[in-house]
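1. Sharing a model prediction with you, sequence too.
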Amino acid sequence: MTKADGPKGAILQRDKKTYAIVPRIPAGVISRDHLRALTEVVEKYDIPIVKITSGQRIALVGMPEEQILPIYEDLGMSEGKAVELCLHYVQACPGTEVCKFGVQDSLGFGIRLEEIFSSIEMPAKFKVGVSGCPFLCAESLVRDLGLIGKKSGWTLVFGGNSGRRVRQADVLAEDMDEKQAIALARKCIKYYVANAKPRERTGAFVDRIGIEDLKKGVL
């Protein structure tokens, strides 16, 4: 999955003939209707591979280009971003919705964050992790932007990366309510967009400018 030259964000596969798509599933929560539509589409178009991704999405893999638009029409879902320079996904744990360890509503907050930031153009791909407790099931410390729920409120971290050069995100603020956390997240993204180099992920950006300069710019 290396090239995004097909329709609706489709990704050209290794065989140079077929494509993969990742329909948008905010915070990994899928409705019954969309789940039913996915099943029907897989059968109708004989899609050979259905893969749960690390970003809590469902990838449909192995379709020819001419099927992509009809598949999206049948699904009734928008496309998820996979290689574009923008927010790719918000990863969120169940939080207080169902988990006995949850102390903050990470699921609801994650969906809200995706709605707020999904349309912003970024210097590079951008991933968010929202964990409802310090167990960090949403991998917040290795995401570009991370929120960690504690009884006292939200902790915001920035600049994490789980790729070849693993980087733990830096803590910028703690004990915030949702409104305060959103405001700081906006400032972080605005500063990053204004000052990062093209295709520079947040981890490399923070390493280059220094965490103190980032704090001066957003706090």
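-> On my side now, so go ahead.

2. Skipping adjacent residues, who's closest to residue 93 in space?
-> residue 137 (4.0 Å; Cβ to Cβ, 6 or more residues apart in numbering). C-betas here are computed from N, CA, C, even on glycine.

3. Please read off the pLDDT at that neighbour from the model.
-> Residue 137 carries a pLDDT value of 97.

4. That one and residue 126, how far apart?
-> 20 Å (Cβ to Cβ, to the nearest Å).

5. out of these two, which sits in the more crowded spot?
-> Taking neighbours as other Cβ atoms under 10 Å, residue 137 and residue 126 compare with residue 126 leading, 25 against 19.

6. Is that one in contact with residue 88, as I believe?
-> Yes. Using Cβ atoms under 8 Å, residue 126 and residue 88 qualify as a contacting pair, with a distance of 6.6 Å.

7. what's the most centrally placed residue in the chain in contact with, if anything?
-> Central residue of the chain (Cα atoms, centre = their mean): residue 89, 1.7 Å from the mean position. By Cβ atoms under 8 Å, 6 or more residues apart in numbering, residue 89 lies in contact with 55, 56, 57, 80, 81, 114, 127, 128.

8. Tell me which stretches of the chain form helices.
-> Per DSSP state H, the chain carries helices over the ranges 32-44, 68-75, 106-117, 178-195, 202-209, 211-218.

9. Which residue of the protein lies farthest from its centroid?
-> Largest centroid distance in the chain under Cα atoms, centre = their mean is residue 44 at 28.7 Å.

10. Test my guess that that one contacts residue 74.
-> Yes. Counting by Cβ under 8 Å, residue 44 does reach residue 74; the two are 7.0 Å apart.

11. So what's the residue count around the nearest residue to residue 132 once chain neighbours are set aside?
-> Using Cβ to Cβ, 6+ apart and skipping residues adjacent in sequence, the residue nearest residue 132 is residue 95, 2.8 Å away. Per other Cβ under 10 Å, the neighbour tally for residue 95 reads 25.

12. tell me the contacts of residue 95?
-> 102, 104, 105, 106, 107, 108, 109, 130, 131, 132, 133, 149.
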